[in-house]
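Undergrad: coords below, sequence missing:
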């Protein structure tokens, strides 16, 4: 799961620079490579189902899988599925972190980071790709939680 994330995000950033969002990487790639975005999302979602036996993470994993399936979100119809799924994935994963894993400090840190990024980008830098960094922070929270779940007592 972590390897899928690091390899995909690393390749995107190295090849195309930092995208507006992780989902926007779909449009940066040549058409023949666009299915990689779906495989990336499913490579995150499926292990999440396996690692976390929680209804919250089931919802988050399902939403991440839907984000991958509804990848061409510039289309108005697909956008109606993609964006709610992305929001649900973040909210459900944070609920898993807070309520199932009792890591309130991690969710408070995430919300603080989001507030800081939105505040700073709104005031100082308009072209900062804040969705990308918020998504990276959300993935970090999930990976850190899974690390604690799997490798600590």
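TA: Yep, that arrived. As the structure is a computational prediction, the values presented were derived from the model and not from experiment.
Undergrad: By mean pLDDT, which helix or strand of this structure comes out lowest?
TA: Lowest by mean pLDDT, DSSP states H and E among the helices and strands of the chain is helix 104-123, with a mean of 86.
Undergrad: so how far is that helix from its chain's centroid?
TA: Centroid separation for helix 104-123 versus its chain: 15 Å, with C-alpha atoms, centre = their mean, to the nearest Å.
Undergrad: got the buried residues for the strand or helix carrying residue 91?
TA: Per DSSP states H and E, residue 91 falls inside helix 76-95. Of the residues in helix 76-95, those buried by neighbour count under the rule 16 or more other C-beta atoms under 10 Å are 82, 85-86, 88-90, 92-95. In short, each C-beta sits where N, CA and C put it, glycine included.
Undergrad: now stretch 95-103
TA: Result for stretch 95-103 [16+ other C-beta under 10 Å]: buried residues 95-98, 100-101, 103.
Undergrad: Find the nearest non-adjacent residue to the residue nearest the centre of the chain, please.
TA: By C-alpha atoms, centre = their mean, the chain has its centre lying nearest to residue 135, at 4.5 Å. Once flanking residues are discounted, residue 135 sits nearest to residue 22: 4.7 Å by C-beta to C-beta, 6 or more residues apart in numbering.
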